[in-house]
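[1] Sequence below, structure please.
(one chain, ligands or ions: 2)
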Amino acid sequence: MYDYKKQVYIQNLSKHEGTVLTLKGWVANKRESKGLVFLNLRDGTGLCQCVVSTASVSAETFSTAASLGLESSLSLTGRVVKDERQLGGFELQVIDLMLISSCQDYPISNKEHGVEFLSDNRHLWLRSRRQWAIMRVRNQAIFAIHEYFQKEGFVQMDAPIFTGNACEGTTDLFETDFFGEPAYLSQSGQLYGEAMAMAMGRIYTFGPTFRSEKSKTRRHLAEFWMIEPEMAFFDIIDDMDLIEDFLRFVVNRVLEHCVKELEVLERNTDMLKNVNNIFPRLTYDEAVQIIKGQKEVNGRRSTDVLEEDLKLVQKRIAEIVEDNAKREAEMKAGGMKKGVIAFNQNMIDKQKQELKQLEEQERNIPQWLDSAQSFQYGGDFGGSDETVLTRLFDVPVMVYDWPHEVKAFYLKRNPDNPRFARGVDVLAPEGYGEIVGGGERETDEEKLKEKIIEHQLPMNEFEWYLDLRRFGSVPHSGFGLGLERLVSWVCKLPHVRETIPFPRMYGRLNP
Ligand code: 4AD
Ligand code: MG
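    Ligands and ions are numbered 1, 2, ... in the order given. I've put the predicted structure just below:
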């Protein structure tokens, strides 16, 4: 066997119970008591408590262990002992320790840091437990996405990043210099995907896409990863069937394989399990009526539900404020054991975090109510409209048949009602909103040309695209899933910035 294959990782400790082996990793936490040092070792696959005792190591080794700062790297040799009380269920009783690199004053501690500080230290922040869990959910989602399309016979294709055309409108293009000619960073691989679908039948792209939106919302990145399948001979209904089946598969795979990760994130998985229910399909018209509180869903109006939400938020805020004040007073009074103080402080910090989010909701809900009631028919949905609509459902909702003016140039008109374009957006529940945008493509060359002109796009850049309608054109459809939006919802995160290793967004290029 190759030497590197002999390395044991914490996630596999159960196969090595009772044996003596060497783990390599970093100190994630350290605790000392008489004659003992407890090191929480992190190796990327998990955490393991390693006990260094004066009884089992030399005085020199013990003092090295006692002096270790957080994130010091080392290898530890010891016996693997089953211990249900420990993280991961095992403990390493150390007999030898080899320091690889000593670390002092690691900038990220267990106390609460602001998100700006953490973002500036993203290269280190990635090591923390929450980020570990998120990155592993992302990894699992990526794997499941490939698994789904591969098992369904789709061919993965790589669309170009440098492009001469604007797929999704000209307002948010990043322009670059391509050997003296202007080129854009791709907003979407779709148009190339359509060409490839005519060659392969069913394809999907999985690549980086770029939008220079100067928006600082919780769902916008300037660089994000998009999965774009494109299917020959699919109409909008087939498209929606596929989206539903696909999302259900991916979320179920994450539920199955990321139990520990979702636990670390304290994610309530019931909401995710709901993907096994049917996704409601609403026309734009129906969705607007629901947003405006003119149409009930299961006997409830959006406006009433939001008003109830507001009351609940305010009640919880009052509870937290009271509870934190009580704990602080008790701590001040003194006479508390060290452990109890630590427990209380932890609770206070946690509740303060929750309070921040609740206060944001308390500010937002009245605004959502306002904007929902004043929604102008014919417009695109804003983030708050999506939140209001999805609040009434506990599964992703599909909205189709949009006023053609608000959607991309390539969407097919509904033949029965040409006011509408056959686009579909999938909105995730729990306030997350759009995670997928897609639809059936226009096949009529003349109608496409009209749209290209209407959107003021350069016709010559689209000649090749029009060829697809001139030579063996067929009905076809596709969609785009934003990976970070999906992961953000699955993990229930406050912002997409945490779903990608090194986020690129308005105001953030480093590290
Ligand atoms: O709705 P969009 O703009 O659709 C397209 O690009 C189509 N060409 C897709 C297709 O039919 N092949 O983007 C698709 C998805 C959105 O639903 C959203 O999940 C994600 O991409 N997305 C973003 N994610 C993060 N930051 C941004 N700035 C995003 N813009 C879109
Ligand atoms: Mg969209």
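
[2] so what secondary structure elements neighbour the top helix by length along the chain?
    In the chain, assigned by DSSP state H, the helix with the most residues is helix 338-373. For helix 338-373, the helices and strands in contact under the criterion 3 or more Cβ pairs under 8 Å, 6 or more residues apart in numbering; DSSP states H and E are helix 302-333, helix 383-390. C-beta coordinates here come from the backbone N, C-alpha and C atoms, glycine included.

[3] quick one, the last one and helix 302-333 angle?
    Between helix 383-390 and helix 302-333, the angle formed by their directions is 100 degrees, by axes from the mean of the first three to the mean of the last three Cα atoms, to 10 degrees.

[4] Convert the C-alpha atoms of helix 383-390 to CSV, please.
    This file holds the C-alpha atoms of helix 383-390, laid out as CSV (Å, rounded to 0.1, in the frame of the first residue of the first chain):
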residue,chain,number,x,y,z
GLY,A,383,-36.6,39.8,-2.6
SER,A,384,-39.4,40.8,-0.2
ASP,A,385,-42.2,39.7,-2.6
GLU,A,386,-40.6,36.3,-2.8
THR,A,387,-40.3,36.2,1.0
VAL,A,388,-44.0,37.0,1.4
LEU,A,389,-45.1,34.5,-1.2
THR,A,390,-42.9,31.6,0.1
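
[5] Distance from the chain centre to it, please.
    Averaging C-alpha coordinates over helix 383-390 and over its chain gives two centres that are 18 Å apart (Cα atoms, centre = their mean, to the nearest Å).

[6] cool, and the longest one?
    For helix 302-333, the distance between its averaged C-alpha position and the chain's averaged C-alpha position is 28 Å (Cα atoms, centre = their mean).

[7] buried sites along it?
    Across helix 302-333, burial judged by 16 or more other Cβ atoms under 10 Å covers Ser302, Thr303, Leu306, Asp309, Leu310, Val313, Arg316, Ile317, Ile320, Asn324, Arg327.

[8] for stretch 220-240, same thing?
    Using 16+ other Cβ under 10 Å, the residues of stretch 220-240 that count as buried are 220-232, 234, 236, 239-240.

[9] State the mean pLDDT of it.
    This predicted structure assigns stretch 220-240 an average pLDDT of 98.

[10] Next: stretch 495-510.
    When the per-residue pLDDT values of stretch 495-510 are averaged, the result is 96.

[11] Stretch 142-152 now?
    Looking at stretch 142-152 alone, the average pLDDT works out to 98.

[12] now check that stretch, is it near ligand 1?
    No. Under the criterion of Cβ under 6 Å from any ligand atom, ligand 1 is not reached by stretch 142-152; the shortest gap measures 13.2 Å.

[13] Now find how far off-centre that stretch is within its chain.
    Mean-position distance between stretch 142-152 and its chain equals 18 Å (Cα atoms, centre = their mean).

[14] which residues sit against it?
    156, 202, 204, 206, 227, 229, 246, 249-250, 253-254, 481, 483 (Cβ atoms under 8 Å, 6 or more residues apart in numbering).

[15] Looking at the buried residues of helix 302-333, which is nearest Gly379?
    Ser302 (16.7 Å; Cβ to Cβ).

[16] That closest one and Gln294 touch, don't they?
    No. In this structure, Ser302 sits apart from Gln294 without contact. The criterion is Cβ atoms under 8 Å, and the distance is 9.2 Å.

[17] that older thread, out of the buried residues of helix 302-333, which comes closest to ligand 1?
    If you rank these by distance to ligand 1 using Cβ to the nearest ligand atom, Ser302 comes first, at 21.6 Å.

[18] Contact partners for the closest one?
    So Ser302 contacts Ile290, Ile291, Lys292, Gly293, Ala372, Val388, Leu389, Arg391, Leu392 (Cβ under 8 Å, 6+ apart).

[19] which helices and strands does the helix or strand containing the first one pack with?
    This means Ile290. Following DSSP states H and E, one finds Ile290 within helix 284-291. Counting contacts by 3+ Cβ pairs under 8 Å, 6+ apart, helix 284-291 is packed against helix 383-390, strand 397-403.

[20] mind checking which of those is nearest Ser102?
    With Cβ to Cβ, the closest approach to Ser102 among the helices and strands packed on helix 284-291 belongs to helix 383-390: 47.0 Å.

[21] so, in contact with ligand 1 or not, the closest one?
    No. In terms of Cβ under 6 Å from any ligand atom, no part of helix 383-390 sits within range of ligand 1; the closest distance is 10.6 Å.

[22] can you give me the mean pLDDT across that helix?
    92.

[23] Check stretch 61-74 too.
    97.

[24] Just the buried positions in it, please.
    Using 16+ other Cβ under 10 Å as the test for burial, stretch 61-74 gives Thr61, Phe62, Thr64, Ala65, Leu68, Leu70, Glu71, Ser72, Ser73, Leu74.

[25] Can you mark which positions in the helix or strand hosting Met198 are buried?
    Assessed by DSSP H and E, Met198 sits inside helix 190-200. Buried residues in helix 190-200, defined by neighbour count with 16+ other Cβ under 10 Å: Gln190, Leu191, Tyr192, Gly193, Glu194, Ala195, Met196, Ala197, Met198, Met200.

[26] related to what we said a few turns ago, now tabulate the helices and strands packed on helix 284-291 in a markdown table and tack on mean neighbour count.
    Formatted as a markdown table, the entries for these read as follows, by neighbours: other Cβ atoms under 10 Å:
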| stretch | mean neighbour count |
| --- | --- |
| helix 383-390 | 23 |
| strand 397-403 | 23 |
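
[27] Give me the local confidence score for the residue nearest to Val251 when sequence neighbours are not counted.
    For Val251, ignoring the flanking residues on the chain, the nearest one in space by Cβ to Cβ, 6 or more residues apart in numbering is Val275 at 4.5 Å. Note on Val275: pLDDT of 98.
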